[in-house]
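Next one to model:
(chains A, B, C, D, E and F)
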There are 6 protein chains.
Amino acid sequence: MGIHTYFQSLNDLERIIRCPGRFKYEEHSVSAHSWKVVQYAKTLADIEESNGVTVDWKKLYEVTSSHDYGEIFIGDIKTPVKHYSLELRAMLQKVEEGMVSHFIDEHIPEEFKPIFRRQLREGKDDSVEGLILEVADKMDQVYEAFTELQRGNTEKEFIVMYRSALIKIKGINLHCVNYFLQNILPDMVSEGSRSSIDIAKITNEALAS
Amino acid sequence: MGIHTYFQSLNDLERIIRCPGRFKYEEHSVSAHSWKVVQYAKTLADIEESNGVTVDWKKLYEVTSSHDYGEIFIGDIKTPVKHYSLELRAMLQKVEEGMVSHFIDEHIPEEFKPIFRRQLREGKDDSVEGLILEVADKMDQVYEAFTELQRGNTEKEFIVMYRSALIKIKGINLHCVNYFLQNILPDMVSEGSRSSIDIAKITNEALAS
Amino acid sequence: MGIHTYFQSLNDLERIIRCPGRFKYEEHSVSAHSWKVVQYAKTLADIEESNGVTVDWKKLYEVTSSHDYGEIFIGDIKTPVKHYSLELRAMLQKVEEGMVSHFIDEHIPEEFKPIFRRQLREGKDDSVEGLILEVADKMDQVYEAFTELQRGNTEKEFIVMYRSALIKIKGINLHCVNYFLQNILPDMVSEGSRSSIDIAKITNEALAS
Amino acid sequence: MGIHTYFQSLNDLERIIRCPGRFKYEEHSVSAHSWKVVQYAKTLADIEESNGVTVDWKKLYEVTSSHDYGEIFIGDIKTPVKHYSLELRAMLQKVEEGMVSHFIDEHIPEEFKPIFRRQLREGKDDSVEGLILEVADKMDQVYEAFTELQRGNTEKEFIVMYRSALIKIKGINLHCVNYFLQNILPDMVSEGSRSSIDIAKITNEALAS
Amino acid sequence: MGIHTYFQSLNDLERIIRCPGRFKYEEHSVSAHSWKVVQYAKTLADIEESNGVTVDWKKLYEVTSSHDYGEIFIGDIKTPVKHYSLELRAMLQKVEEGMVSHFIDEHIPEEFKPIFRRQLREGKDDSVEGLILEVADKMDQVYEAFTELQRGNTEKEFIVMYRSALIKIKGINLHCVNYFLQNILPDMVSEGSRSSIDIAKITNEALAS
Amino acid sequence: MGIHTYFQSLNDLERIIRCPGRFKYEEHSVSAHSWKVVQYAKTLADIEESNGVTVDWKKLYEVTSSHDYGEIFIGDIKTPVKHYSLELRAMLQKVEEGMVSHFIDEHIPEEFKPIFRRQLREGKDDSVEGLILEVADKMDQVYEAFTELQRGNTEKEFIVMYRSALIKIKGINLHCVNYFLQNILPDMVSEGSRSSIDIAKITNEALAS
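Okay, the predicted model is just below:
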């Protein structure tokens, strides 16, 4: 009861692992994912500003930092489930919102209730900040899938994740998307094509040096 | 494509951790849980038989071994979500059944389809075998929660799990439920009351021996 | 003392890791292995039945679900040790049986003793059910080794495991062995030959879509 | 070369574990810690605003999200080392700054260099935002230590961590510090005094219900 | 083939976990155990020397550092198995020696064979060095069990481990055993009796300071 | 207070992971590393002796077994930090020595203080034993990096580790260095060039056997 309950609940997201069930070389918690989204979004917003777009940093702060808080209540439901039908997706979102709302009613002191209601709602709207959040969220999906593919993971789910996130990103009309496609993605792809390491060659060079 | 796809998919259940998000001293995979349910059910069925009840062992085999296979597709959705509303629960069950059905259509060879449809359906019906499955499934919930409480875990969720599973079990009308309540549960409770270990005393006894 | 002790002991098999000491990309507990053996055996028995063979499902249930219970007492002894000499192997089996028998004497209530003695004995006899168990057990060895080789594990032990399990399986005279060799194994091998993923190509396709 | 190098480097902080060497019931990565600091700081800033203080949200975003980025280069050096001497502390900070600066020179494109230099510098200055960061950072130290003490961890280092963080917080002159001391800390302490769970009582209540 | 094979095999002992199957708060690999035995033995030998006993440090080095190398071949067989019968114990030791001998024959270059045969034999003889090894080995068993009991582990196996190791140690006639019993063990026991931490008290003291 | 505090502190090194932050297929604790250094050094010293060099085994024991004990106090500081400047390196070494010295003053009984001061000082001097320690320490760096490269890890840090350790080793003037370069390293390199496994071929051979 009180802000303590909320602060303490944050800890649970360290124990919710993304993409449950699939073999992966690296596991990522929802906390770690959330922090990377905050970081990407900051640079994406810098790119927008440098192109003359006005960014509401308070709103950006709120939507990026809390965007997966609801997973404390419903867990990281597998993507195919979320996309099974529009009806199910709408209902799951309604349940998540209901549980967040119930949590606020029960635990958040009266004077903070309006703030928490604003912060913990779904942030992916059509504002610049909402779109930046969407790009940053999908960008982490790209990075997570890329790292697995690069290490030799042959699970098809990671190819699907990588592709669908890229397609989603390129459909968003922001300056930072152009920057990502023209400057960041090519570096990633060229790194992914790096051939494996020739141990004999490195050894010989070291011994000859 | 083919039984290989099905056999290989079983592996994924080792990576789905039950009760995601909560702090726990021991993690349990869905595979390990499933095996324990198979084991409990065997003894529960032995108790029924010794009380003159006829058990269909083939059916029992099928319903217990596959009862959580559907979690490969939807993951271990948090209990509060499942119980949020009857409507959502029904829809999630429909989705799980739809995904299992889709998997059978796509991967299982024609001659096995009827067998897999029967085996991978929800097994908790009102038959003796369905009820034994329900008891065995809840019994593992009792054991998982008990072990955490015994080790000092103070998360309320484990008290709720323990209580609700016990209440569910005692409402089922089977000989094995009586046996559980009269012979197994008292041993468990008495073990849970064991006071902590007196290191000084053990040390002195060892040195004096 | 009582069935509680037996039920609680099942938990220990989640903490015994198969193939100890060797580097592996995925660890498998004896519990998870046991559950997969139960699942494979079910489909193998379905294949026998569809070929007109009569299966005793109660016996199959008993032998598959408990086949590695004895490892609670002796652990997962490394395969080369088990095969070091016929004399040692016989003695280890005698010790395991002795410990299981001692456990039953001490913890299992009188009325269950005959049942547990039957269930916890070695199940790999020459009956159809015993042979199905042998095939299912070796099949999991094939899958465990295959997955490691597929991910690039170069430990020779996994090649040995894979080969010796295949050789063992093909020597067993069951309809389901034919089905495995003709329908399941070719799918596995063809999957194992899948070349690695071309990240640049996937990226270009996604951007062009 | 480029923002890609920076984005990818964020992943490394998931593998740097705080408080290395000490036994703990829960491990926390620097990423997860960083995300919680971002979350606490948001609520702390809300409290300041509700008391009429002006918060620069862009600055707050920058200082909280990046405050431990430098640990990618130097790791989570043990606290006693950091506090060994003012001279060493100054030198370690100089090294961290030098490495961050070198990273920016080498990897960040020209047009972003001023932005990254501002974002990746030490953020704990005397501004409201710098002080909020200090409180949020110490608050996570309080929560990490509290959780260990509550679970029965008797390592003295966690008592030291808990105490020193509390003392640091109470010395900072902000409205949110008063709120923490009067509203959050008492809830935490009262939870920490919760006696252990009486399994027999819960069992009896469940059976009687 | 060659010393490389031997050096590389050392790595496997990091993946053999002691006391497999039992719940424990901390896992210990055979490597970590071996290193602690080397460390304890050094101080125990210092105590012998300070009492005028001559220590052969080369022999001590050889017997302590390699004492569990044979577990690479047979794993950490559960203690009750090892002690099941004198006959089995003798046979397991013979197998281990046979496998070590076979490894030396196959992989160790001719000129090193006598050295490896001496180093990799069982070191627990009646010499001062052999007895110090026995004390150091049992002392680590005491520490491992003590730490579990202190954290609240109620598994009976750890009480048995703690007791039997103490009894074994006190039966060995060395100066360092007296030192252990009179100076080290009392400190351990008194630490084990430390009552749990009063969070409210620490909080109040910190706020008042 | 007393040797107990020292013995118990050894446990902490099992929880300090080498090369923090970098992705790796296998983690190595400082304890496991220390044990491998002890083992390598033993064989390296055997090689020196077989070339007529006199080895002080007591000194070798002391310097190899304790060479990373100081990391209990300062952790495994990232290599680039250690090498950032000669000034920082000297200061970090001074701090480590100060903390070790403080630990001895506070916890080690009077009669052991001179022994511990000798044992816990930096052992890498110009004596044969000091040089053997240096070779053994770098050899483990070679093995750790080699294993990662062999498994396909493309992190540049492991190439750097591998190269710099090799270069350091070849600059040391010992008989065992020649042996390493001529007999051990070639085996390692040839193993590292092993091509991946052809699953189809192994399968066919097994089925034809």
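
Now do the buried residues in stretch A:79-97.
Across stretch A:79-97, burial judged by 16 or more other Cβ atoms under 10 Å in any protein chain shown covers A:81, A:84, A:88, A:91-92, A:95-96. C-beta coordinates here come from the backbone N, C-alpha and C atoms, glycine included.

which residues sit in contact with residue A:127?
A:56, A:59 (Cβ atoms under 8 Å, 6 or more residues apart in numbering or on different chains).

where exactly do the helices run in chain A?
Ranges of helices in chain A, per DSSP state H, are A:3-9, A:30-50, A:57-65, A:71-74, A:79-82, A:86-107, A:113-119, A:128-150, A:156-170, A:175-179, A:185-192, A:199-208.

Export the ones you listed as CSV, with columns for distance to residue E:17 and mean pLDDT.
CSV is the format used below for the helices of chain A (distance: least, Cβ to Cβ, whole Å; pLDDT from 0 to 100):
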stretch, distance to residue E:17, mean pLDDT
helix A:3-9, 32, 95
helix A:30-50, 27, 97
helix A:57-65, 39, 96
helix A:71-74, 32, 86
helix A:79-82, 35, 75
helix A:86-107, 39, 88
helix A:113-119, 44, 94
helix A:128-150, 27, 96
helix A:156-170, 30, 93
helix A:175-179, 48, 97
helix A:185-192, 36, 90
helix A:199-208, 30, 86
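
For the most centrally placed residue in chain A, list the residues it contacts.
Central residue of chain A (Cα atoms, centre = their mean): residue A:137, 3.2 Å from the mean position. Shown in contact with residue A:137 (Cβ under 8 Å, 6+ apart): A:37, A:67, A:124.

still on that earlier bit, distance to residue D:143 added to the helices of chain A, as a markdown table?
A markdown table is the format used below for the helices of chain A (distance: least, Cβ to Cβ, whole Å):
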| stretch | distance to residue D:143 |
| --- | --- |
| helix A:3-9 | 7 |
| helix A:30-50 | 13 |
| helix A:57-65 | 17 |
| helix A:71-74 | 15 |
| helix A:79-82 | 31 |
| helix A:86-107 | 16 |
| helix A:113-119 | 19 |
| helix A:128-150 | 25 |
| helix A:156-170 | 32 |
| helix A:175-179 | 34 |
| helix A:185-192 | 36 |
| helix A:199-208 | 45 |
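
gap between the residue nearest to the centre of chain A and chain F?
Computed with Cβ to the nearest Cβ, to the nearest Å, the distance linking residue A:137 and chain F is 23 Å.

same question, residue A:49
Computed as Cβ to the nearest Cβ, the residue A:49 to chain F distance reads 31 Å.

Quick one: residues contacting that residue.
Shown in contact with residue A:49 (Cβ under 8 Å, 6+ apart): residue A:55.

One more: the one 10 residues further on?
The neighbourhood of residue A:59, defined by Cβ under 8 Å, 6+ apart, consists of A:127, A:129.

try 7 Å
Going by Cβ atoms under 7 Å, 6 or more residues apart in numbering or on different chains, residue A:59 touches residue A:129.

Give me the distance between residue A:194 and chain C.
Counting by Cβ to the nearest Cβ, the gap from residue A:194 to chain C is 10 Å.

Could you check how many residues crowd around the closest residue to that residue other than its chain neighbours?
Residue nearest to residue A:194 in three dimensions, not counting chain neighbours: residue F:154, with 5.9 Å by Cβ to Cβ, 6 or more residues apart in numbering or on different chains. Around residue F:154 there are 17 other residues, counting by other Cβ atoms under 10 Å in any protein chain shown.

Okay, residue F:154 and chain E: tell me how far apart.
To chain E, residue F:154 is 21 Å away according to Cβ to the nearest Cβ.

Nearest residue to residue A:67 in space, ignoring adjacent ones along the chain?
Distance criterion Cβ to Cβ, 6+ apart; nearest residue to residue A:67, sequence neighbours excluded, is residue A:123 at 5.3 Å.

Could you tell me how many residues sit around that neighbour?
Neighbours around residue A:123, by other Cβ under 10 Å: 22.

coming back round to it: quick check: the farthest pair among the buried residues of stretch A:79-97?
Pairwise distances across the buried residues of stretch A:79-97 peak at 15.8 Å for A:84 and A:96 (criterion: Cβ to Cβ).

what comes into contact with stretch A:147-163?
The contact list for stretch A:147-163 (Cβ under 7 Å, 6+ apart) reads A:22-26, A:141-142, A:145-146, A:192, C:151-152, C:194, C:196-197, C:199, C:202, C:206, F:152.

same question, stretch A:34-41
Stretch A:34-41 has contacts (Cβ under 7 Å, 6+ apart) with A:13, A:60, A:64-65, A:67-68, A:132-133, A:136-137, A:139-140, D:7, D:10, D:31, D:34-35, D:38, D:65.

do stretch A:104-116 as well
Contacts for stretch A:104-116 (Cβ under 7 Å, 6+ apart): A:1-3, A:5-6, A:117, A:120, D:46.

again with stretch A:72-86
With contact meaning Cβ under 7 Å, 6+ apart, stretch A:72-86 is reached by A:9, A:12-13, A:16, A:18, A:20, A:30, A:89, A:92, A:95-96, A:99-100, B:20-21, B:73-75, B:77-78, B:80-81, B:95.

Let's see that with 6 Å instead.
Stretch A:72-86 is contacted by residues A:9, A:12, A:16, A:18, A:89, A:96, A:99, B:20, B:74-75, B:78, B:81, B:95 when judged by Cβ atoms under 6 Å, 6 or more residues apart in numbering or on different chains.

Relative to residue D:50, which of these is nearest.
For those, the minimum distance to residue D:50 (Cβ to Cβ) is 21.7 Å, reached by residue A:9.

what about the residue lying closest to the closest one once chain neighbours are set aside, how many neighbours?
Leaving aside its sequence neighbours, residue A:9 sits nearest to residue A:72 (Cβ to Cβ, 6+ apart; 5.7 Å). Using other Cβ under 10 Å, residue A:72 has 22 neighbouring residues.

Look up how far residue A:99 lies from residue A:72.
To residue A:99, residue A:72 is 9 Å away according to Cβ to Cβ, to the nearest Å.

can you check residue A:197 too?
Distance of residue A:197 to residue A:99, computed by Cβ to Cβ: 48 Å.

How many residues are close by the nearest residue in space to residue A:149 that is not next to it in sequence?
Sequence neighbours aside, residue C:197 is the residue nearest to residue A:149 in space, at 5.1 Å (criterion: Cβ to Cβ, 6+ apart). As a burial measure, residue C:197 scores 19 neighbours (other Cβ under 10 Å).
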